[in-house]
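Participant: Using only what follows, build the 3D model:
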Amino acid sequence: MLLRRRATSMAALGFAALIAPALLGTGGAAAVTAALLGTGGAAAVTAGAGSSVAASGVVSSLAWQGCGGDIPATVECATLKVPLDHSKPGGRKITVSLSRIKAADPGKRRGVLLFNPGGPSASGLFYPLALSGYLPDSVKDRYDLIGFDPRGVGASSPLACGTTNADERKTYRPYAKATFAKDVAWARDIADRCRNHNIEMLPYINTRNTARDMDFIRGALGERKISYFGLSYGTYLGSVYIQLFPNRADRFVLDSGVDPGRVWRSMAQSWAVQAEATFDRWTEWTARHAAQYGLGDTPAEVEKLFWNIVARADREPLDLGGTVFNGADVREYIRWEIPQPPLAARTLGLLRDAAAGKPVPAFPVFVPTDNELASFTAVMCGDVRWPTDPAVYRADARRDSVRYPLYGDSVSNIFPCAFWDRPAEAATRIDNKVPALIVQNEWDPQTPLATALGLRSALKGSRLVTVDEGQGHGVYLRGVSTCADDVATAYLTTGRLPAGDVTCAATASPAGVGFRSTAPDSASARLFFGR
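Facilitator: Now for the predicted structure:
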């Protein structure tokens with residue numbers, strides 16, 4: 001039912017998977033990245049002298065070549081020089097790394113389809129390869145599939161902040177009166193280190209400049225327009241491109257939408273709102289399956305068990321296969337898993353066993369790289385101005401720990417953006433009638449339905465496909481809804497939008513299927529939580 005139980009008034013930013021290493025093999029992916037960052041990478045070219053040249057459609061001969069490592073020969077790589085500061089096209093240049101899979105049927109080729117898998121911080125260089133086994137032939141026949149690492153990410157002039165351990169990189173921290181001063185010192189230190197390590201680049205790492213880089217890519221490819229698939233944060237990047245370059249946007253599919261009017265702090269805070277509704281839904285499901293999981297015969301019993309385990313972990317951290325979890329860690333882990341009820345129910349059973357002193361398997365723990373932390377904070381803090389007074393964060397965290405006990409304190413607590421330099425330019429206001437297709441699950445923990453509704457309102461020429469009872473983060477090609485997949489594929493292949501907004505039925509099991517699970521094992525997704 002479309003939000004019949006509890007309406008959510010805010011929306012959450014979601015973060016997609018860094019899936020290339022898992023699909024390609026860590027050795028191959030690492031070898032390719034090393035090649036692109038070193039002297040053995042593809043030759044760099046510059047797409048003209050600034051935005052005006054890129055906008056003219058002048059072709060720059062990109063030096064496509066094999067990517068190396070274990071990457072199939074069907075995937076080609078190149079690098080492109082773009083202005084660090086697009087207002088000074090003759091100034092310093094940085095590198096953007098690209099990949100390409102050519103259209104399967106040159107006779108049907110329409111143009112190029114760019115991809116962004118989310119973040120900000122997610123590598124998109126080999127996202128086309130990761131998707132190529134799942135994209136319909138009708139799409140692969142018509143488009144060159146183009147992947148790229150956004151500026152500051154991965155193989156594209158990567159940022160660094162000089163962090164060395166997991167605790168430094170945990171970005172969203174539970175609030176406690178006793179630790180708040182320490183958290184403020186951490187936030188200030190991260191901001192200072194990121195600034196010192198990237199003194200020249202940092203002011204220019206933002207969504208607007210990444211969108212401008214996309215237009216340089218368009219010019220370098222010799223295309224008058226680009227088509228685009230963006231997931232999660234990629235929907236915001238896509239909407240900014242549409243606003244800046246409305247005449248160069250062809251067919252844009254925006255999956256799991258970010259509300260451009262809520263970037264960025266209130267977006268993260270809204271996760272806490274969505275978590276409460278999703279938690280209630282999960283306890284109901286788990287109680288209905290009491291015979292299988294034995295976690296409680298009623299939602300109240302399941303909820304009581306969960307909070308008892310949280311309290312136990314706060315008193316004495318749990319040993320989860322060699323990993324120590326406190327109460328905040330338990331809340332965080334379950335918050336990620338509850339959109340997939342069987343997964344979360346299994347985890348709660350293991351947590352119960354650990355609390356009883358029984359041995360349990362190791363819980364996977366994500367530690368972001370320094371580059372992921374650096375590029376993530378650079379965009380989050382560089383797009384918009386955040387509150388600068390720590391007292392604002394303290395008051396909000398105390399309030400939201402009561403309103404939204406599962407996650408409210410963490411997403412309202414102090415953040416490095418409090419000590420960031422003022423953004424170089426204002427965030428883009430999205431307000432246009434350019435056609436686009438938005439696809440959205442009803443029950444998405446990272447970009448709730450309210451987010452997509454905000455994006456739909458800003459993009460007045462768009463259509464929204466909502467998956468009724470759809471669960472998890474990401475719709476297209478995830479096996480969530482055949483109906484939604486068909487609408488998106490038809491739009492990419494024919495350019496025809498539905499006459500109005502569409503509601504599709506979910507066709508997936510609660511555990512989720514598709515080209516990858518929506519379980520919280522995504523590197524860039526977990527960056528927000530320091531796991």
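
Participant: Y333 contacts F325, doesn't it?
Facilitator: Yes. Counting by CB atoms under 8 Å, Y333 touches F325, with 7.2 Å between them. The way it works is simple: take the backbone N, C-alpha and C, and place the C-beta from them, glycine included.

Participant: buried ones in the longest helix seen in the chain?
Facilitator: Counting residues, the longest helix found in the chain (DSSP state H) is helix 265-288. Neighbour-count burial for helix 265-288 flags 265-279, 281-283, 285-287 (criterion: 16 or more other CB atoms under 10 Å).

Participant: Repeat that for stretch 319-336.
Facilitator: The neighbour-count check on stretch 319-336 (16+ other CB under 10 Å) flags 320, 325-336 as buried.

Participant: With stretch 220-239 instead?
Facilitator: Result for stretch 220-239 [16+ other CB under 10 Å]: buried residues 220-221, 223, 225-239.

Participant: same thing with stretch 296-306?
Facilitator: Within stretch 296-306, the residues that qualify as buried are G296, P299, V302, E303, L305, F306, counting by 16+ other CB under 10 Å.

Participant: same deal with stretch 175-188?
Facilitator: Result for stretch 175-188 [16+ other CB under 10 Å]: buried residues Y175, A176, F180, D183, V184, W186, A187.

Participant: Equivalent analysis for stretch 159-173, please.
Facilitator: L159, A160, C161, T163, E168, R169, K170, T171, Y172, R173.

Participant: need the strands for the chain, in chain order.
Facilitator: With DSSP state E as the criterion, the chain has strands at 44-46, 65-66, 75-83, 93-101, 111-116, 143-148, 226-231, 249-255, 318-320, 323-325, 436-443, 462-471, 502-505.

Participant: Now the second one: average pLDDT?
Facilitator: In this case it means strand 65-66. The average pLDDT for strand 65-66 rounds to 96.

Participant: Would you give the sheet partners of it, along with the direction of each?
Facilitator: Neighbouring strands of strand 65-66 in its sheet, by DSSP bridges, are strand 75-83 (antiparallel).

Participant: one step back: can you add pLDDT and give the buried residues of stretch 319-336 back as TSV?
Facilitator: As requested, these are arranged in TSV below (pLDDT from 0 to 100):
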residue	pLDDT
L320	93
F325	95
N326	95
G327	96
A328	95
D329	94
V330	97
R331	96
E332	92
Y333	93
I334	95
R335	93
W336	90
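
Participant: Mind putting the residues you listed into JSON lines with distance to D213?
Facilitator: Below are those laid out as JSON lines (distance: CB to CB, whole Å):
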{"residue": "L320", "distance to D213": "41"}
{"residue": "F325", "distance to D213": "40"}
{"residue": "N326", "distance to D213": "41"}
{"residue": "G327", "distance to D213": "42"}
{"residue": "A328", "distance to D213": "37"}
{"residue": "D329", "distance to D213": "37"}
{"residue": "V330", "distance to D213": "40"}
{"residue": "R331", "distance to D213": "37"}
{"residue": "E332", "distance to D213": "33"}
{"residue": "Y333", "distance to D213": "35"}
{"residue": "I334", "distance to D213": "38"}
{"residue": "R335", "distance to D213": "33"}
{"residue": "W336", "distance to D213": "31"}
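
Participant: out of the residues you listed, who's nearest A130?
Facilitator: W336 (21.0 Å; CB to CB).

Participant: my read: that closest one touches P445, true?
Facilitator: Yes. With contact defined as CB under 8 Å, W336 reaches P445; the gap is 7.3 Å.

Participant: Got the phi and psi for D167?
Facilitator: phi -60, psi -40 (degrees, to the nearest 10).

Participant: For it, give me the pLDDT.
Facilitator: Reported pLDDT for D167: 91.

Participant: Mutual contacts of Y333 and F325, please.
Facilitator: Common contacts of Y333 and F325, defined by CB atoms under 8 Å, 6 or more residues apart in numbering, comprise F363.

Participant: Tell me how this protein divides into domains.
Facilitator: Structurally, the chain divides into domains by automatic domain parsing as follows: 20-159+206-264+428-516, 161-197+267-370+379-383+386-421.

Participant: Rebuild the buried residues of stretch 159-173 as TSV, extending it with distance to G91.
Facilitator: Below are those laid out as TSV (distance: CB to CB, whole Å):
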residue	distance to G91
L159	18
A160	22
C161	24
T163	29
E168	32
R169	32
K170	36
T171	31
Y172	36
R173	38
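
Participant: I'd say V502 and V467 touch.
Facilitator: No. Contact between V502 and V467 fails when scored by CB under 8 Å: they sit 9.7 Å apart.

Participant: Can you pull the residues that touch both of those two?
Facilitator: C483.

Participant: So for the two, which sits in the more crowded spot?
Facilitator: Applying other CB atoms under 10 Å to V502 and V467 shows that V467 carries more neighbours, namely 29 against 17.

Participant: what's near enough to touch the more buried one?
Facilitator: Applying CB under 8 Å, 6+ apart, the residues near V467 are 439-442, 475, 480-481, 483-484, 503-506.

Participant: ditto for T323
Facilitator: Residues in contact with T323 (CB under 8 Å, 6+ apart) are A362, F363, V365.

Participant: give me the number of residues near the first one?
Facilitator: Under the neighbour criterion other CB under 10 Å, A362 is assigned a count of 10.

Participant: Not counting residues beside it along the chain, what's closest to it?
Facilitator: G321 (3.0 Å; CB to CB, 6 or more residues apart in numbering).

Participant: Check what pLDDT the one you found gets.
Facilitator: On pLDDT, G321 comes in at 92.

Participant: Was I right to think it contacts K358?
Facilitator: No. In this structure, G321 is not within contact of K358 by CB under 8 Å, at 11.3 Å.

Participant: what's the overlap in contacts for those two?
Facilitator: Counting by CB under 8 Å, 6+ apart, nothing touches both G321 and K358.

Participant: still on that earlier bit, now intersect the buried residues of stretch 296-306 with the helices, please.
Facilitator: Using DSSP H, the buried residues of stretch 296-306 in helices are P299, V302, E303, L305, F306.

Participant: Next up, the contacts around the first one.
Facilitator: Applying CB under 8 Å, 6+ apart, one finds that P299 lies in contact with D280, T283, E284, T286, A287.

Participant: and which of the residues you listed is nearest V310?
Facilitator: Scanning those for proximity to V310, where the rule is CB to CB, the winner is T283, at 13.9 Å.
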